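Participant: let me see the structure of the following:
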Amino acid sequence: MDAGIDYPQGRRSGRCEACKPRLISGDVALLEHTKFALSPEERTNGLILACRAQRQADACGAWLGGDDETAEHPCQTLRCRVAQLEDATRDIKRVVLEVVDVPPLAYSAGQYVRVTFPEALTRDYSMAACPDSGVLEFHVRRTGGGATSERVAMALSLGDEVTVDGRTAPRFYARNMPGRSW
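Facilitator: As a prediction, the model looks like this:
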């Protein structure tokens, strides 16, 4: 991200798991993060949370689903429409999308996609519906000053068009920049 790479990430807090690549080479120090975001087994298997990793040396990594991993589902970009909107809690909006013109997206539970709501910045969200439900469901937490979450909470309407991008990202390489995040 410091180098301008369009990197999947949520809030850079080590909670959303959107930035979990496999470290191919190099060394990183992991900053504080929530325990559920990276299990000891995942860490043993070479996974890191890039948003909470500080490079100790030049490093190379691959996103899950990239060249060094097996992708379970084809990459797709979908045009969707907002089918349902409801307040799940005072700060969480439940957004259900129906896919327009193509078959629904094949995905696994917990997988995330890149979502572009109208007049909002693109963000990564995990699907909240069962993979075989035929719809895409997201729970968007409203955060103070959050450009996208504020837009979803205050201006998203039934029928609005939304783009969902299920592409995987390529391998990346980052040079060590002392004091900078991955």
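
Participant: how about the helices in the chain?
Facilitator: In the chain, the helices defined using DSSP state H lie at 40-44, 147-155.

Participant: just say which of those is most tucked in.
Facilitator: A comparison of the helices of the chain by mean neighbour count, using mean count of other CB atoms under 10 Å, puts helix 147-155 on top with a mean of 17. For glycine as for every other residue, the C-beta is placed from the backbone atoms N, C-alpha and C.

Participant: ok, residues contacting it?
Facilitator: 91, 93, 95, 117-123, 140-143 (CB atoms under 8 Å, 6 or more residues apart in numbering).

Participant: could you give the number of residues near the closest residue to I24 other than its chain neighbours?
Facilitator: Nearest non-adjacent residue to I24, counting by CB to CB, 6 or more residues apart in numbering: C60, 4.4 Å away. Neighbour count of C60, defined by other CB atoms under 10 Å: 14.

Participant: hey, what's C60 bridged with?
Facilitator: C60 has the following beta-bridge partners by DSSP bridges: S25, Y173.

Participant: ok, back up a step: quick one, which of the helices of the chain is nearest to Q76?
Facilitator: The closest of the helices of the chain to Q76 is helix 147-155. By CB to CB, the value is 21.1 Å.

Participant: right, I'll call it a day here.
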